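S.K.: turn this into a structure:
(2 chains)
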Amino acid sequence: RKEVEQDPGPFNVPEGATVAFNCTYSNSASQSFFWYRQDCRKEPKLLMSVYSSGNEDGRFTAQLNRASQYISLLIRDSKLSDSATYLCVVNLSNTGKLIFGQGTTLQVKP
Amino acid sequence: DTAVSQTPKYLVTQMGNDKSIKCEQNLGHDTMYWYKQDSKKFLKIMFSYNNKELIINETVPNRFSPKSPDKAHLNLHINSLELGDSAVYFCASSQGRGLALYNEQFFGPGTRLTVL
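M.R.: Model (predicted):
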């Protein structure tokens, strides 16, 4: 079983749609959680951290369910510029060792 | 004013050769990392250095050797390149040793290695 699992997609949605991605992780000792964004042929960049109480940043909302070991990302009012691969990331320990999911590809169409 | 830079951006080489990839960060961070992203897009950590000390050493072939001359630089040397080494290699850096669990990692633009 992969340590971090995501549906690779692609998710094809029209502009303005709301889209949600889920991710599950296998290690219950995981300590911190993130969503990174990676554009085609570019480096990953932090989109947002995911806190236990859930958090929002503009059109983006992240939630964490430790009991079920899953993380979600909700994108409201999708823009063309949201087209990218979204990587679910888990930090197992305090060494900075990040475990990345395969990523979910989002394509927002006009 | 690039934060994390890598050279070269592209590297095409024959099997059996030895090559190096260089990474530099000007963010003043203490910790640097090397990741490999394979053709299936999985990004996996290989090594991490904190202030020139190796703190993460994943199960990678010993043909891969990281070197950190100072905390702003982390180079990756690969001996006897194999076809399976073809991938994109990303360098990253973060502040602190990761003790603050939410330290952001900043990635370089990647080095696309193709082994023929």
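
S.K.: any part of the helix or strand of chain B with the lowest mean pLDDT near chain A?
M.R.: When each helix and strand of chain B is scored by mean pLDDT, DSSP states H and E, strand B:53-57 comes last, with a mean of 86. Yes. Shown here: strand B:53-57 in contact with chain A (C-beta under 8 Å from any C-beta of the partner chain) through B:55-56. (C-beta placed from N, C-alpha, C; glycine too.)

S.K.: and stretch B:31-38, what's its mean pLDDT?
M.R.: Computed over stretch B:31-38, the mean pLDDT rounds to 94.

S.K.: follow-up on the earlier one: in the least confident helix or strand of chain B, what's buried?
M.R.: Counting neighbours by 16 or more other C-beta atoms under 10 Å in any protein chain shown, one finds that the buried residues in strand B:53-57 are B:55-56.

S.K.: in terms of secondary structure, what does whichever helix or strand comes after that strand contact?
M.R.: Using DSSP states H and E, the helix or strand that follows strand B:53-57 in sequence is strand B:64-70. Counting contacts by 3 or more C-beta pairs under 8 Å, 6 or more residues apart in numbering or on different chains; DSSP states H and E, strand B:64-70 packs against strand B:43-50, strand B:73-78.

S.K.: would you reformat those strands as CSV and include mean pLDDT and distance to chain A?
M.R.: Formatted as CSV, the helices and strands packed on strand B:64-70 follow (pLDDT from 0 to 100; distance: least, C-beta to the nearest C-beta, whole Å):
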stretch, mean pLDDT, distance to chain A
strand B:43-50, 91, 4
strand B:73-78, 96, 13
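
S.K.: which among those strands is found nearest to B:His29?
M.R.: strand B:43-50 (9.6 Å; C-beta to C-beta).

S.K.: residues in contact with the closest one?
M.R.: A:44, A:87, A:95-100, B:30-38, B:54-58, B:60, B:64, B:66, B:68, B:71, B:74, B:76, B:90, B:97 (C-beta atoms under 8 Å, 6 or more residues apart in numbering or on different chains).

S.K.: now the buried members of those.
M.R.: Of the contacts of strand B:43-50, these count as buried by 16+ other C-beta under 10 Å: A:44, A:87, A:95-100, B:30-37, B:55-56, B:60, B:64, B:66, B:68, B:71, B:74, B:76, B:90, B:97.

S.K.: mind checking the SS state of the residue nearest to the spatial centre of chain B?
M.R.: Nearest to the geometric centre of chain B sits B:Trp34, at 2.6 Å (C-alpha atoms, centre = their mean). With DSSP: H, G, I helix; E, B strand; the rest coil as the basis, B:Trp34 sits in strand.

S.K.: right, and it touches B:Pro66 too?
M.R.: Yes. With contact defined as C-beta atoms under 8 Å, B:Trp34 counts as touching B:Pro66 (6.1 Å).

S.K.: next, show the common contact partners of those two.
M.R.: B:46-47, B:74, B:76.

S.K.: just flag the most distant two among the residues you listed.
M.R.: Pairwise distances across the shared contacts of B:Trp34 and B:Pro66 (C-beta to C-beta) peak at 10.7 Å, for the pair B:Met46 and B:Leu74.

S.K.: all good on my end, thank you.
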